[in-house]
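Enquirer: 3D, please:
(one chain, ligands or ions: 2)
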Amino acid sequence: MVKAVVAGASGGIGQPLSLLLKLCPLVDELALYDVVNTPGVAADLSHISSNAKTTGYLPKDEGAKSAFKNADIIIIPAGIPRKPGMTRDDLFNINAGIVKGLIEVAAEVAPKAFILVISNPVNSTVPISAEVLKAKGVFNPQRLFGVTTLDIVRAETFVAEIAGKSNPQELTVPVIGGHSGETIVPLFSKVSPSVTIPDDKYDALVNRVQFGGDEVVKAKDGLGSATLSMAYAGYRFAEKLLKAAKGAKGLVEPSFIYLDGVPGGKEIKEKTGCDFFSVPVELGPNGAEKAVNILTDLTDKEKKLLDACITGLKGNIEKGITFANKPA
Ligand code: NAD
Ligand code: LMR
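Expert: Ligands and ions are numbered 1, 2, ... in the order given. Coordinates of the predicted model:
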């Protein structure tokens with residue numbers, strides 16, 4: 001029996017993500033938690049004639065604890081989204097506290113759950129999550145994931161456009177690093193099957209992958225950021241993880257992980273100097289079974305992108321760790 005939880009389930013990402021999970025044959029129980037509207041969202045979804053038993057919880061009567069209890073997978077898109085002109089780091093002051101509170105509950109009532117953090121800034125909210133889990137004595141780095149799949153999804157789409165491929169999903173486009181601006185590093189030299197990116201299109205393509213989120217924020221004009229593509233991306237990662245947990249082999253997807261605790265991660269930590277980094281991760285019954293070292297044989301352009309990424313990412317990680325450890 002698999003119990004999945006969405007925290008932030010009434011929001012722009014939360015609702016379509018909950019719909020996809022409700023349709024997923026791998027999910028037996030779906031618990032929706034938010035500070036508003038979950039009774040309505042749960043009642044609505046519960047009429048769909050799929051397998052998952054769906055329930056909604058609000059903060060009253062310790063609703064978060066009831067929702068999270070004994071969960072196998074907890075997906076967190078709770079928190080505010082960007083408006084035009086904002087960076088993801090501008091969300092830190094509000095979202096850091098929201099994520100910290102939710103992870104405290106997870107640590108208490110579902111210490112073995114896979115935790116997928118979507119709330120921005122991911123570069124900081126994942127380190128916050130790790131520190132909270134460590135403080136509670138239940139941190140398992142193989143089970144904590146920062147969801148960077150939307151960067152991969154965008155890269156697949158934009159590369160396919162330029163390379164003239166009709167089905168973007170036939171491409172594997174590694175995107176590594178973090179999840180904001182220059183910390184997002186697409187590795188076009190490692191696309192499989194290989195593609196040729198014309199020199200005069202390279203910089204614009206990198207920029208579009210790094211700043212694809214801004215494109216959506218601008219187009220939504222004050223009404224938030226990517227929700228539907230993010231729900232797809234979050235579901236894609238969750239589905240792979242659930243399949244891998246049930247024994248499916250060969251499932252790899254990049255994710256922002258704590259390198260030290262995942263086999264293969266130490267080498268990547270040595271190379272980047274970062275404790276957390278997004279790299280392709282082999283998924284399996286324990287979660288992150290192996291961090292794939294894709295940082296070898298990079299082109300000169302990719303090495304430059306990596307340098308810029310590392311500088312920004314270290315600051316974001318440190319900010320999260322400092323926040324999580326400051327006395328209440
Ligand atoms: P939204 O405002 O539409 O929804 C957020 C939901 O969180 C709301 O329903 C709100 O009530 C709920 N919420 C607030 N505090 C809560 C708490 N303490 N407990 C539970 N729920 C709480 O926003 P959205 O568009 O769904 O975006 C959510 C987050 O996801 C933002 O931080 C956004 O930046 C981030 N995001 C990340 C990615 C990524 O690639 N990782 C992509 C898109 C958006
Ligand atoms: C994205 O990449 O779309 C998200 O991180 C949301 C944002 O703020 O851009």
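Enquirer: now the stretch 101-250 of the chain against ligand 2: closest residue?
Expert: Nearest residue of the stretch 101-250 of the chain to ligand 2: G213, at 2.3 Å (Cβ to the nearest ligand atom). From N, CA and C alone the C-beta is placed, and that goes for glycine too.
Enquirer: neighbours of that residue, how many?
Expert: 23 (other Cβ atoms under 10 Å).
Enquirer: could you list the buried residues of the helix or strand containing it?
Expert: Assigned by DSSP states H and E, G213 belongs to helix 212-220. The neighbour-count check on helix 212-220 (16 or more other Cβ atoms under 10 Å) flags 212-214, 216-217, 220 as buried.
Enquirer: just put those in JSON lines and tack on pLDDT.
Expert: What follows is the buried residues of helix 212-220, written out as JSON lines (pLDDT from 0 to 100):
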{"residue": "G212", "pLDDT": "98"}
{"residue": "G213", "pLDDT": "98"}
{"residue": "D214", "pLDDT": "98"}
{"residue": "V216", "pLDDT": "98"}
{"residue": "V217", "pLDDT": "98"}
{"residue": "K220", "pLDDT": "98"}
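Enquirer: between the residues you listed, which sits nearest ligand 1?
Expert: Out of these, the member with the shortest distance to ligand 1 (by Cβ to the nearest ligand atom) is G213, at 6.7 Å.
Enquirer: just list what the helix holding G213 packs against, helices and strands only.
Expert: Under the contact definition 3 or more Cβ pairs under 8 Å, 6 or more residues apart in numbering; DSSP states H and E, helix 212-220 sits against helix 149-163.
Enquirer: quick one: the helix it packs on to helix 212-220, angle?
Expert: Orientation of helix 149-163 against helix 212-220 (axes from the mean of the first three to the mean of the last three Cα atoms, to 10 degrees) gives an angle of 90 degrees.
Enquirer: check the gap between V109 and ligand 1 for me.
Expert: Distance from V109 to ligand 1, counting by Cβ to the nearest ligand atom, to the nearest Å: 15 Å.
Enquirer: sorry, wrong one. I was asking about K304.
Expert: Separation of K304 from ligand 1 (Cβ to the nearest ligand atom): 24 Å.
Enquirer: wait, a helix at that residue?
Expert: Yes. Under DSSP: H, G, I helix; E, B strand; the rest coil, K304 falls within a helix.
Enquirer: that one: neighbouring residues, count only.
Expert: Neighbour count of K304, defined by other Cβ under 10 Å: 12.
Enquirer: now do it, the pLDDT please.
Expert: What the model reports as pLDDT for K304 is 97.
Enquirer: and K165, by the same measure?
Expert: Predicted confidence (pLDDT) for K165: 87.
Enquirer: surely it and V195 touch.
Expert: Yes. The pair K165 / V195 is scored as a contact, 7.3 Å apart, by Cβ atoms under 8 Å.
Enquirer: list residues touching both of those two?
Expert: Common neighbours of K165 and V195 (criterion: Cβ atoms under 8 Å, 6 or more residues apart in numbering): 159, 171.
Enquirer: got the phi/psi numbers for I74?
Expert: Torsion angles at I74 (phi, psi; degrees, to the nearest 10) stand at phi -120, psi 120.
Enquirer: pull up the gap between L23 and ligand 1, please.
Expert: Distance of L23 to ligand 1, given as Cβ to the nearest ligand atom: 19 Å.
Enquirer: quick one: contacts for that residue?
Expert: Listed by Cβ under 8 Å, 6+ apart, the contact set of L23 reads 48, 50.
Enquirer: could you list the low-pLDDT ranges of this structure?
Expert: Low-confidence segments of the chain (pLDDT under 70): none present.
Enquirer: now the strand ranked longest in it against helix 149-163, angle please.
Expert: In the chain, with assignment by DSSP state E, the single longest strand is strand 276-284. Here the directions of strand 276-284 and helix 149-163 differ by 90 degrees (the same axes, to 10 degrees).
Enquirer: with that, I have no additional questions.
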